[in-house]
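Q: need coordinates for the below:
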Amino acid sequence: MQINPSDPATIPKFVDELPKPMIAKPKYSRGQQKNDYYELVMMEGEHRFHKHFPKTYIWGYNGLYPGPTIEATKDKTIYVKYKNQLPLQHFLPVDFTLHAANDSQEVRTVTHLHGANVDWESDGHPEAWYTRDYRHTGPKFNKEIHEYTNHQPGTTMWYHDHAMALTRLNVYAGLAGFYLLRDALEERANLPCGDYEYPVLIQDKSFNEDGSLFYPDEPPFPVPVHPSITPGFVGNTIVVNGKLWPYLDVEPRKYRFRFLNGSNRRGYVISLSNGQPMFQIGTDGGFLSAPQLIQSVELLPAERTDVIIDFSNCAGQEITLINADTDFSNEHTNVIIQFRVTVPLKCEDTSDIPERLAVTMDLHTHHAHIERQLPLTATTDEFGRPMLLLNDRMYHDPATEKPSLDSVEIWNFINATPFLHPIHLHLIQFKILERRPFNLELYQNEGIIEFTGPPEEPRDYERGWKDTVKADAGKVTKIIMHWKDHIGHYMWHCHFLEHEDHDMMRPILVMKDVHAVQQPHAAIEHPAQHQEATATTNPTETTSTTHHNESPAPLLNAIAQEEESAAPTSEKESLAVHVGNNAQFRPPLLFPFLPTQAPTNRQRRHRARRF
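A: Next up is the predicted model:
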């Protein structure tokens with residue numbers, strides 16, 4: 001059969017070996033403490049996704065895809081300069097109607113270290129972008145060199161582009177890489193390491209017939225704008241560490257895999273084809289308190305999981321890492337990697353799966369200073385395109401989430417859209433408290449939360465520290481976090497990259513020396529007393545509360561009420577505007593663009609250039 005890169009049915013699977021991304025080498029050590037200094041150059045490159053493909057034009061850090069893996073040590077500062085040497089024109093379709101794209105340079109970049117506890121000036125703020133050689137810079141740009149102090153537990157992080165209104169294109173073009181932070185706990189745990197540890201970046205892509213990257217230049221419904229952003233993109237192939245459906249020859253022993261979903265929109269539900277469980281040892285924010293056996297793990301874009309797979313009793317087997325996610329399921333995207341347990345054991349496996357890992361340091365709800373009610377809603381933009389919002393506001397609206405330094409907060413994501421969203425908070429790691437279904441129609445009509453079922457505990461694979469959480473449709477997802485170490489300008493946003501680029505992103509301003517109970521800048525309406533619909537002995541019975549943006553935690557109500565001034569305009573009124581728009585909104589339009597058909601001639605014009 002002739003191989004056609006645009007048709008996954010013609011592409012042989014498991015013919016390329018899973019590569020391990022190269023390790024970044026420091027350029028030199030700087031300062032009196034000899035801190036390592038790295039330079040990574042964002043530049044054009046050629047990459048072979050499959051042994052039977054021609055080379056594909058990509059953008060990468062040092063021209064590589066994925067970028068070089070940075071390995072760092074807890075509490076040892078490193079410095080990284082990400083130099084932009086990219087062309088002045090993008091090779092993927094830029095929508096100039098998006099915020100910041102209309103009146104700015106076409107190619108802009110800024111790198112965000114996802115999961116990092118870092119000063120905001122080194123966080124990769126979307127408006128801290130810059131062009132080639134820093135000829136043009138964004139309004140939040142103020143330093144060329146990022147300082148990563150690494151004051152946080154060892155974990156799997158990743159760096160990727162975060163430029164305003166271009167993230168979806170720049171990441172898809174190849175601007176992503178691993179950042180592995182190691183600590184003393186990892187050393188003592190005696191985990192599989194070296195040749196038996198793999199960071200695994202999973203992304204989906206589509207290709208044109210000539211092997212160039214395909215990305216749509218319009219949504220699957222008519223719009224008056226061209227090129228136009230699409231509500232979401234899923235590819236028809238699975239790329240792992242830069243190779244299409246690779247294989248890995250393994251010994252019959254334990255291996256450690258750090259899985260990362262780096263896709264624009266696609267989610268994965270990962271499990272092993274032989275039904276064997278995995279030992280989960282970590283989540284986004286680091287190690288669990290103890291390893292746990294899991295049969296599968298769901299990863300939405302930007303989520304990570306750290307697992308050990310024991311192949312000791314699998315000699316001679318071929319085991320497939322499968323994707324059981326049903327949102328965009330087909331025979332090609334349901335498989336990821338093939339493990340071939342065909343290599344003889346080189347030496348005795350002396351690695352461990354320890355009984356204990358990290359010491360538990362949970363946050364407690366009664367310590368919370370503020371509890372925020374944050375809706376996720378759908379509306380349309382001025383061109384009639386679907387647009388998703390956080391807290392009923394666009395990106396450029398004034399900041400409403402202003403935590404006080406050293407405060408504990410509870411955030412409730414009220415998902416009133418027909419779709420789940422992976423919500424990412426910069427700077428901090430949080431714990432998931434619960435999810436709870438609510439009466440969507442009542443909320444949209446009257447702005448009242450009426451729970452229709454009992455609280456749901458976090459899934460077994462998401463009980464550790466997280467920086468990205470699945471906000472299920474029709475549910476309130478509750479998280480708790482401690483704002484510490486840094487003040488300044490951060491972000492929270494949906495990590496579906498098309499949503500993020502189209503205003504599903506909001507600023508966070510962490511403030512110092514601000515009263516943590518009733519902040520003078522906060523627009524607070526205090527909730528009405530809970531209305532008990534029926535007796536509370538039945539866990540499925542409903543409870544109602546009025547929707548508000550921010551409220552003190554229950555134990556602090558009395559103090560806050562003494563300080564309360566005149567209540568601001570009801571947020572129910574502003575919500576009604578979006579509900580009105582939503583009445584004419586067609587939810588199917590929010591479904592991501594599915595490139596199951598050949599791209600149109602217009603779309604083909606945006607194929608990748610080749611050297």
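
Q: how far is stretch 139-147 from where the chain is centred?
A: Distance of stretch 139-147 from the chain centroid (Cα atoms, centre = their mean, to the nearest Å) equals 22 Å.

Q: now it: mean pLDDT?
A: The average pLDDT for stretch 139-147 rounds to 97.

Q: quick one: contacts of it?
A: 37, 77, 79-82, 110-111, 113, 118-119, 121-122, 124-130, 134, 489 (Cβ atoms under 8 Å, 6 or more residues apart in numbering). Every C-beta, even on glycine, is put in place using the N, C-alpha and C of the backbone.

Q: now His493: how far from Thr10?
A: Separation of His493 from Thr10 (Cβ to Cβ, to the nearest Å) stands at 37 Å.

Q: what subset of the contacts of stretch 139-147 is buried?
A: 37, 79-80, 82, 110-111, 113, 118-119, 121-122, 124-130, 489 (16 or more other Cβ atoms under 10 Å).

Q: so where do the helices sit in the stretch 351-500 of the chain?
A: 440-446, 497-501 (DSSP state H, counting those that start in this stretch).

Q: beta partners of Val240?
A: Beta-bridge pairing for Val240 (DSSP bridges): Ile202, Lys243.

Q: what sits against it?
A: Per Cβ under 8 Å, 6+ apart, neighbours of Val240: Leu18, Val200, Leu201, Ile202, Gln203, Pro246, Ile336, Ile337.

Q: count of neighbours near the first one?
A: By other Cβ atoms under 10 Å, the residues close to Leu18 number 20.

Q: next one, pLDDT for it please.
A: So Leu18 comes in at 98 (pLDDT).

Q: got the contact list for it?
A: Counting by Cβ under 8 Å, 6+ apart, Leu18 makes contact with Tyr198, Val200, Val240, Asn241, Lys243, Pro246, Tyr247, Leu248, Ile337.

Q: let me know the closest of these to Gly138.
A: The nearest member of the contacts of Leu18 to Gly138, counting by Cβ to Cβ, is Asn241 at 31.1 Å.

Q: ok, back up a step: and the contacts of Leu18, which is closest to Ile508?
A: Set against Ile508, the nearest of the contacts of Leu18 by Cβ to Cβ is Val200 (30.1 Å).

Q: quick check: that closest one touching Leu260?
A: Yes. Counting by Cβ atoms under 8 Å, Val200 does reach Leu260; the two are 6.7 Å apart.

Q: picking that back up, out of His493 and Thr10, which sits in the busier spot?
A: Counted by other Cβ under 10 Å, His493 and Thr10 do not tie: His493 has more neighbours, with 26 against 12.

Q: tell me the bridge partners for that one.
A: Using DSSP bridges, the beta-bridge partners of His493 come out as His424, Met505.

Q: check contacts around it.
A: Neighbours of His493 in contact, by Cβ under 8 Å, 6+ apart: Leu390, Ile423, His424, His499, Glu500, Met504, Met505, Arg506.

Q: if we use 10 Å, what do you get?
A: 126, 162, 167, 390, 395, 421-426, 499-501, 503-508 (Cβ atoms under 10 Å, 6 or more residues apart in numbering).

Q: ok so, going back, comparing the helices of the stretch 351-500 of the chain, which comes out most buried?
A: Greatest average neighbour count among the helices of the stretch 351-500 of the chain goes to helix 497-501 (a mean of 27), per mean count of other Cβ atoms under 10 Å.

Q: and the longest strand along the chain, which residues are buried?
A: Ranked by residue count and defined by DSSP state E, the top strand of the chain is strand 35-47. By 16+ other Cβ under 10 Å, the buried positions in strand 35-47 come out as Asn35, Asp36, Tyr37, Tyr38, Leu40, Val41, Met42, Met43, Glu44, Gly45, His47.

Q: before we move on, what about stretch 67-86?
A: In stretch 67-86, counting by 16+ other Cβ under 10 Å, buried: 67-70, 72-74, 76, 78-80, 82-84, 86.

Q: roughly how far apart are Gln150 and Phe207?
A: Slight slip there: residue 150 is Asn, not Gln. Distance from Asn150 to Phe207, counting by Cβ to Cβ: 38 Å.

Q: between those two, who's got more neighbours?
A: Phe207 (27 against 22).

Q: OK, contacts around the closest residue to that one other than its chain neighbours?
A: Counting by Cβ to Cβ, 6 or more residues apart in numbering, Pro5 is the residue found nearest to Phe207 once chain neighbours are left out, at 3.9 Å. Each residue near Pro5 by Cβ under 10 Å, 6+ apart is listed here: 11, 49-50, 52-54, 56, 205-214, 237, 244.

Q: and with 7 Å instead?
A: Ile11, Phe53, Phe207, Asn208, Glu209, Gly211 (Cβ atoms under 7 Å, 6 or more residues apart in numbering).

Q: pick the one among those closest to Gly285.
A: Nearest to Gly285, judged by Cβ to Cβ, of the contacts of Pro5 is Phe207 at 34.9 Å.

Q: distance of the closest one relative to Asn170?
A: Separation of Phe207 from Asn170 (Cβ to Cβ) stands at 18 Å.

Q: ok, now Asn208?
A: Remark: distance between Asn208 and Asn170 (Cβ to Cβ) = 19 Å.

Q: more neighbours: the two, which one.
A: Asn170 (25 against 20).

Q: name the SS class of the more buried one, please.
A: Put simply, Asn170 is helix when judged by DSSP: H, G, I helix; E, B strand; the rest coil.

Q: pLDDT value on it, please?
A: At Asn170, the pLDDT value in this model is 98.

Q: confirm that Ile337 sits in a strand.
A: Yes. According to three-state DSSP, Ile337 belongs to a strand.

Q: against Ile11, how distant is it?
A: In terms of Cβ to Cβ, Ile337 sits 15 Å off from Ile11.

Q: low-confidence stretches in the stretch 201-350 of the chain?
A: By pLDDT under 70, the stretch 201-350 of the chain contains no weakly predicted segment.

Q: again, but for the chain
A: For the chain, the ranges with pLDDT under 70 are 30-33, 515-611.

Q: name the secondary structure element that contains the nearest residue to Asn102 once chain neighbours are set aside.
A: Distances taken as Cβ to Cβ, 6+ apart put Phe96 closest to Asn102, at 5.3 Å, once the chain neighbours are dropped. Under DSSP states H and E, no helix or strand contains Phe96.

Q: and Phe96, how many neighbours?
A: Neighbour count of Phe96, defined by other Cβ under 10 Å: 13.
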